[in-house]
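J.: with the input below, show me the fold.
(chains A and B)
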Amino acid sequence: MAVRSVGVVSPQRMVFDEPLRLKSGGVLPRYELVYETYGELNAAKTNAVLVCHALSGSHHVAGYYEDDPKNIGWWDNFVGPGKPLDTRKFFVIGVNNLGGCYGSTGPKSIDPETGEPYGSRFPFVTVEDWVEAQARLADRLGISEFAAVIGGSLGGMQALSWALQYPERVRHVLAIATTPKLTAQNIAFNEVARQAILSDPDFHGGDYYRYGVVPKRGLMLARMIGHITYLSDDAMAEKFGRALKHGAFRYSYDVEFEIESYLRYQGEKFSRYFDANTYLLTTRALDYYDPAAEYGGDLAQAFARAQARFFVLSFSTDWRFSPARSREIVSALVHSEKPVSYLEIESKAGHDSFLLEHPHYHAAVRAYLNQVAV
Amino acid sequence: MSTVTTPATNETAQPESALRFDLAAIARWVQPEERVLDLGCGDGALLAYLSATKRVVGYGIENDVNRVIACLDRGVNVIQSNLDQGLAGFEDGFFDRVIMSQALQAMHNTQGILQEMLRVGREAVVSFPNFAFWKHRKSILEGRMPVSESLPHQWFNTPNIRFFTVADFTTLCDLLDIEILEWMGFDDQHQPLPPDADLNFLATLAIARLARR
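T.: You can find the predicted model right below:
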């Protein structure tokens, strides 16, 4: 890892005193964003790449922390010297979204009006709001234009939204394993996850902070259902099949099958570090995202104003955001005569493929980014 | 509004002579600023050339992942797709020209793709090896399947699944109500044949410019 890692990194914090008006009508009078950067910003400031994170991601994209060397960034296989997003060429920025739970202002931050955590008072945030906040961060860093904005899943939505909200500020968009809008099935999964949290007795209407508890069971269930949708049937079958935990049935509702053990473990682990309100807000941001809505559902018309070149990637076994959804984006871009490339990667790993190292996937991104002028 | 432009790093165009001879011939038919779809675009050489020299709005379709990556490496717009599944996602009449060079003989759905090409494009250009080229005929007379530059594989490992001639292609176009606007034929020295030549006998590679009748 040492050679190709960005190495030791440390998060930074930017405070914004100018109020942020949100799409929901809410206002954040003051907020903070936590971010990390890798590589060097060149003198002309033309080599900046923004990496947008997905549901449970954060600003910690690559490298590790000095005091916590096992805490490796979530896209460390993708970002670094000699990696597909090469930090010898690009200045890479990861930022924790507003409403997050990794340091940016979110539900567990102190509301200056009450002196208590925001909790249920934290306003709804949307993909567009995140882009707005990221744009202000870019302003502060003196970056008027990104060489590329890159993201997978919900991060891909932010990347697409960048091209629509700030067309003149993005030269390339890499939208990976994403969708132009959620289907009813996607929203249904999100709703089950939210109901798990909302119905947890420890949720207290979102103000669990003041009771010194967290809706752990609900968050665990939410993560379990999410996790199922991120994997493929084949990947699960290959990894777990019907393998039994104890070798024989015990005729109980305790863990009988290995897959149950795995899901419980993942859910439990997640519930220890992730904030339930952030999960609720973020899944809602996913549900709300639909750039075509204000154009009568015409995605091509929504993309008409984009000026970026696009690279859309999907994964064959991703059923959460299937390749067909990516092809909708591609069709709309072609309709608008936008420069776009598209690749469907053969992968067994389902939606999670975008986080994994895959030779064709990484080679394709590397080839595309090689062409990006800085 | 056309925003598909020359890739930033391709501003120095490769010379026409660097293109495969049949691609160079096809390129001469393409008018500046056309919308071009190149089916089975391979490594994107034709599109790279066209976007650098004629400012075309171009997209390649390619199914092979390594060729897709080669296109990305050139900064060519490439959309991965299996042509046997048609051109769903592309609108009727969107393109000025839809090109398929030396791929029709490897398609399962021959009629379907020809119709799709002229659904999404005003004109189509198809190049293919002519099975009736005189040296191929000679080979058959001698009892062996032809192997040549235009049909380079052995019968047991060829990716080609359709073997047809200039005459056969003409008949199919008639059947599909497709008009052949123009022919070009090349001998096995890559030399263009005169317009009045008997292409079915003399051409090892033929290129047809097509439109809906």
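J.: what's the burial count for residue A:91?
T.: Taking other C-beta atoms under 10 Å in any protein chain shown as the criterion, the count of residues near residue A:91 is 22. For the C-beta atoms, the positions are set from N, CA and C on the backbone; glycine is no exception.
J.: sorry, wrong one. I was asking about residue A:100.
T.: 28.
J.: which other helices and strands does the strand or helix carrying residue B:180 contact?
T.: Using DSSP states H and E, residue B:180 maps to strand B:178-186. Judged by 3 or more C-beta pairs under 8 Å, 6 or more residues apart in numbering or on different chains; DSSP states H and E, the packing partners of strand B:178-186 are helix B:21-29, helix B:166-175, helix B:199-202, strand B:205-212.
J.: residue ranges with poor pLDDT in chain A?
T.: Low-confidence segments of chain A, defined by pLDDT under 70, are located at A:1-3.
J.: repeat for chain B
T.: B:1-13.
J.: which residues in it form strands?
T.: Counting by DSSP state E, the segments of chain B that form strands are B:35-39, B:57-62, B:78-80, B:95-101, B:121-129, B:178-186, B:205-212.
J.: gap between residue B:61 and residue B:85?
T.: 11 Å (C-beta to C-beta, to the nearest Å).
J.: these two: which is more packed in?
T.: Neighbour count, other C-beta under 10 Å: between residue B:61 and residue B:85, residue B:61 has more, with 23 against 13.
J.: off-centre distance for stretch B:154-161?
T.: Relative to the centre of its chain, stretch B:154-161 is centred 19 Å away, using C-alpha atoms, centre = their mean, to the nearest Å.
J.: in it, what's buried?
T.: If you call a residue buried by 16 or more other C-beta atoms under 10 Å in any protein chain shown, then stretch B:154-161 has these buried ones: residue B:160.
J.: got the phi/psi numbers for the residue nearest the centre of chain A?
T.: Closest to where the C-alpha atoms of chain A average out (C-alpha atoms, centre = their mean) is residue A:54, at 1.0 Å. Reported as degrees, to the nearest 10, the phi and psi values for residue A:54 are phi -90, psi -170.
J.: apart from its neighbours in sequence, what residue is nearest it?
T.: residue A:153 (4.0 Å; C-beta to C-beta, 6 or more residues apart in numbering or on different chains).
J.: what does residue B:202 give?
T.: Across the structure, with C-beta to C-beta, 6+ apart as the measure, the residue nearest residue B:202 apart from its sequence neighbours is residue B:193 (5.5 Å).
J.: ok, residue B:197 next?
T.: That would be residue B:185: by C-beta to C-beta, 6+ apart, it lies 6.3 Å from residue B:197.
J.: gap between the one you found and residue A:283?
T.: Distance from residue B:185 to residue A:283, by C-beta to C-beta: 61 Å.
J.: now stretch A:77-93 - C-alpha only, CSV.
T.: In CSV, the C-alpha atoms belonging to stretch A:77-93 read as follows (Å, rounded to 0.1, in the frame of the first residue of the first chain):
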residue,chain,number,x,y,z
ASN,A,77,-8.0,1.7,-4.5
PHE,A,78,-9.1,4.4,-6.9
VAL,A,79,-7.4,7.6,-5.8
GLY,A,80,-3.7,7.9,-5.3
PRO,A,81,-0.3,8.2,-7.1
GLY,A,82,-0.5,5.9,-10.2
LYS,A,83,-4.1,5.0,-9.5
PRO,A,84,-7.0,5.6,-11.9
LEU,A,85,-7.6,9.0,-10.4
ASP,A,86,-3.9,9.9,-10.2
THR,A,87,-2.9,12.3,-7.5
ARG,A,88,0.3,13.0,-9.3
LYS,A,89,-1.8,14.8,-12.0
PHE,A,90,-4.9,15.9,-10.1
PHE,A,91,-5.7,17.7,-6.9
VAL,A,92,-8.5,15.6,-5.4
ILE,A,93,-11.0,16.9,-2.9
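J.: give me the distance between it and the centre of its chain.
T.: Here the centre of mass of C-alpha atoms in stretch A:77-93, compared against the chain's by C-alpha atoms, centre = their mean, lies 18 Å away.
J.: is that stretch in proximity to chain B?
T.: No: no part of stretch A:77-93 sits near chain B under the criterion C-beta under 8 Å from any C-beta of the partner chain; the closest distance found is 11.5 Å.
J.: walk me through the domains of chain A.
T.: Domain assignment for chain A, taken from the TED database, gives A:12-181+A:291-371, A:186-283.
J.: and the longest one, how far out from the chain middle?
T.: Mean-position distance between domain A:12-181+A:291-371 and its chain equals 7 Å (C-alpha atoms, centre = their mean).
J.: need the distance between the two termini of that domain.
T.: One end of domain A:12-181+A:291-371 to the other measures 30 Å (C-alpha to C-alpha, to the nearest Å).
J.: can you check stretch B:195-209 too?
T.: 14 Å.
J.: quick check: buried residues in it?
T.: Using 16+ other C-beta under 10 Å as the burial criterion, the residues of stretch B:195-209 that qualify are B:199-209.
J.: ok, stretch B:138-154 next?
T.: B:139, B:146, B:150-151.
J.: got the end-to-end distance for that stretch?
T.: Criterion C-alpha to C-alpha; first-to-last residue distance in stretch B:138-154 is 16 Å.
J.: and stretch B:47-64, by the same measure?
T.: Across stretch B:47-64, the terminal residues are separated by 17 Å (C-alpha to C-alpha).
J.: so residue A:14, which of the three states?
T.: Secondary structure for residue A:14, judged by DSSP: H, G, I helix; E, B strand; the rest coil, is strand.
J.: ditto for residue A:185
T.: Assigned state for residue A:185: helix (three-state reduction, three-state DSSP).
J.: run a quick neighbour tally on it.
T.: Burial measure for residue A:185: 11 neighbouring residues, criterion other C-beta under 10 Å.
J.: around chain B, which positions in chain A sit nearby?
T.: By the rule C-beta under 8 Å from any C-beta, the part of chain A lying against chain B is A:304, A:307, A:311, A:327, A:330-331, A:334-346, A:360, A:363-364, A:367-368, A:370-371, A:373.
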